[in-house]
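>>> Sequence first, then the predicted structure:
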Amino acid sequence: MNCASEEVPGLAFTVSGSAEAVERLAEGRTVLLSHAVGTLKSATISGAADDGFRAQAQALGASVSPATLPDLVAGFGADAPEPVHGRKEAHA
């Protein structure tokens, strides 16, 4: 991803709450990364969260926050192939 620093907040956001609420909010959107623990879930979603999305999240008891840099790296880099050049094989 190559963009100006002021564009970063619009790349993705994270929604967290009950698994049911997060799945409902993520429906029809591009999920870059998700984590679940028990009945709780978080998803990093591509794009910006508009006021309508934030209101829907609040109504469902979920929270919306900016995606962290590690989440952006993991989310946008998840499908990138592992570089082969310079990789050393482990010897036992």
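Here it is on my side, so go on.
>>> Mind jotting down where the helices sit in the protein?
With DSSP state H applied, the chain shows helices at 19-26, 51-59, 69-77, listed in chain order.
>>> which residues sit in contact with the nearest residue to Phe13 once chain neighbours are set aside?
Closest residue to Phe13 in three dimensions, ignoring its sequence neighbours and counting by CB to CB, 6 or more residues apart in numbering: Ala49, at 4.5 Å. Quick note: C-beta positions are derived from backbone N, CA and C, even for glycine. The neighbours of Ala49, taking CB atoms under 8 Å, 6 or more residues apart in numbering as the test, are Phe13, Val15, Ala57, Val64.
>>> what residues are up against the last one?
Contacts for Val64 (CB under 8 Å, 6+ apart) come out as Phe13, Thr14, Val15, Ala49, Phe53, Arg54, Ala57.
>>> so what's it bridging to?
The residues listed as beta-bridge partners of Val64 by DSSP bridges are Val15.
>>> got a pLDDT number for it?
Model confidence at Val64, expressed as pLDDT, equals 96.
>>> again with the one 3 residues further on
Predicted confidence (pLDDT) for Ala67: 86.
>>> Next, count neighbours for it.
In terms of burial, Ala67 registers 22 neighbours under the definition other CB atoms under 10 Å.
>>> The one 3 residues further on too?
Here the neighbour count serves as a burial measure; for Pro70 (other CB under 10 Å) it reads 10.
>>> Return the residues in contact with it.
Contact analysis of Pro70 by CB under 8 Å, 6+ apart lists nothing.
>>> Any figure for the gap between it and Leu32?
Shown here: Pro70 relative to Leu32, a distance of 12 Å by CB to CB, to the nearest Å.
>>> Packed most tightly, which of the helices of the chain would that be?
When neighbours are counted by mean count of other CB atoms under 10 Å, the highest per-stretch mean among these falls to helix 19-26, a mean of 18.
>>> Render the CA-only coordinates of it in PDB, please.
Taking C-alpha atoms only, helix 19-26 is exported to PDB below (Å, rounded to 0.1, in the frame of the first residue of the first chain):
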ATOM      1  CA  ALA A  19     -19.800 -12.000  17.300                       C
ATOM      2  CA  GLU A  20     -23.300 -11.600  16.100                       C
ATOM      3  CA  ALA A  21     -23.100  -7.800  16.000                       C
ATOM      4  CA  VAL A  22     -19.700  -7.700  14.200                       C
ATOM      5  CA  GLU A  23     -20.800 -10.300  11.600                       C
ATOM      6  CA  ARG A  24     -24.000  -8.300  10.900                       C
ATOM      7  CA  LEU A  25     -22.000  -5.000  10.600                       C
ATOM      8  CA  ALA A  26     -19.400  -6.700   8.400                       C
END
